[in-house]
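Asks: kindly return the folded structure for what I paste below:
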Amino acid sequence: MSSSESQTKAFSSIKTIDSHLHVWASPEEAADKYPYFPGQEPTLPGNVDFLLQNMAEASVDGALIVQPINHKFDHSLVTRVGFLSKTKDKGPCVLKKYPTKFVGCCLANPAEDGSGIKQLEQLVKDGFRAVRFNPYLWPSGQQMTNEVGKAMFSRAGELGVSVGFMCMKGLNLHISEIEELCTEFPSTTVLVDHLGFCKQPTNDDESLAFSRLLKLSRFPQVYIKFSALFRLSRMAFPYQDLSSLLSQVVSSFGANRVMWGSDFPYVVAECGYKEGKEAVSLIAK
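Replies: Model prediction:
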């Protein structure tokens, strides 16, 4: 076999994994079995048939399904429904039905009674391999570094699951909490969603946020999701202003600690799922 043939074979064996997407029930499924959390009814289609169609068209082999706020702490759609079943019976756990295609990221329940820790343990048994910390679900006036937050973060490390941080209102608001948790519990792997919602800086606050994001590279357990590009860019597709940010992130963390994510189904309405994947290659060039 020639060197070029060997190289082609090696590239063909590489899988493309989407590190960040969501699924939720169709309106029919919501009315029948999997209700939306009140006030969180989706405005876009996000059922699994639609997801599988988009993944096939974009040649994406697998994905991390992040529990959506639309179902909040009810994970039954992901854990119990047979995604392709047309019956009303609840089929096998999707994470067991498609073990080579999907893994799950559950949503941390920061209830003050600590019940979220038991929920996390059960969800890991159900096949989830990560847990999302949404700081805006913590009790008013409390931080992710409270007693419950630290207990869940520590337990996640013991269980071998990653903790993802969603800092939608700005990384500066929560970076100190992330740093404290990483320092105190170095064995827990961390995922920072959507580049910490950092955009190309235009003022001192934004420059500080991005600088602090890059400094998280000092913690070897921290990985960065270069995901939901349409949320980060100040430009239209293909989001060329993100090339400088990606370059700096890769320089700080190394390419093996940076991962692409689409933020399906939101990306479909913005530029298209396949185009969202293609944008990363265009930005990297």
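Asks: for stretch 36-49, give the mean pLDDT please.
Replies: The pLDDT scores in stretch 36-49 average 93.
Asks: show me which residues of it are buried.
Replies: Applying a neighbour-count criterion of 16 or more other C-beta atoms under 10 Å, one finds Tyr36, Pro42, Gly46, Asn47, Val48 buried in stretch 36-49. C-beta: built from backbone N, CA, C; applies to glycine.
Asks: ends of that stretch, what's the gap?
Replies: Length of stretch 36-49, first residue to last, C-alpha to C-alpha, to the nearest Å: 18 Å.
Asks: from the buried residues of stretch 36-49, which is closest to Phe264?
Replies: Nearest to Phe264 among the buried residues of stretch 36-49 is Gly46, at 7.4 Å by C-beta to C-beta.
Asks: so the closest one touches Ala30, yeah?
Replies: No - here Gly46 does not reach Ala30: they are 10.9 Å apart, not a contact under C-beta atoms under 8 Å.
Asks: name the residues contacting each of those two.
Replies: Common neighbours of Gly46 and Ala30 are listed as Trp24 (criterion: C-beta atoms under 8 Å, 6 or more residues apart in numbering).
Asks: nearest to Glu147 among the buried residues of stretch 36-49?
Replies: Tyr36 (30.9 Å).
Asks: contacts only, for that closest one.
Replies: Counting by C-beta under 8 Å, 6+ apart, Tyr36 has contacts Trp24, Ala25, Ala30, Pro42, Asn70, His71.
Asks: name the SS class of the fourth one, please.
Replies: Under DSSP: H, G, I helix; E, B strand; the rest coil, Pro42 falls in the coil class.
Asks: so, low pLDDT: which residues of the chain?
Replies: 1-12, 80-98 (pLDDT under 70).
Asks: hey, where'd the strands end up in it?
Replies: 17-21, 62-66, 102-107, 128-133, 162-165, 190-192, 222-227, 258-261 (DSSP state E).
Asks: could those go into a markdown table alongside mean neighbour count and distance to Leu242?
Replies: Output for these, formatted as a markdown table (neighbours: other C-beta atoms under 10 Å; distance: least, C-beta to C-beta, whole Å):
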| stretch | mean neighbour count | distance to Leu242 |
| --- | --- | --- |
| strand 17-21 | 24 | 15 |
| strand 62-66 | 24 | 21 |
| strand 102-107 | 24 | 23 |
| strand 128-133 | 23 | 23 |
| strand 162-165 | 23 | 20 |
| strand 190-192 | 25 | 15 |
| strand 222-227 | 23 | 8 |
| strand 258-261 | 20 | 12 |
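Asks: follow-up on the earlier one: out of the buried residues of stretch 36-49, who's nearest Leu246?
Replies: Gly46 (26.7 Å).
Asks: what's the distance between the closest one and Asn54?
Replies: For Gly46, the distance to Asn54 (C-beta to C-beta, to the nearest Å) stands at 11 Å.
Asks: where do the contact lists of the two overlap?
Replies: By C-beta under 8 Å, 6+ apart, Gly46 and Asn54 have these common neighbours: Phe264.
Asks: so how many other residues sit close to the closest residue to Asp61 other than its chain neighbours?
Replies: Spatially, and ignoring its direct neighbours in sequence, Asp61 is nearest to Lys15 (4.1 Å; C-beta to C-beta, 6 or more residues apart in numbering). Lys15 has 9 neighbouring residues, counting by other C-beta atoms under 10 Å.
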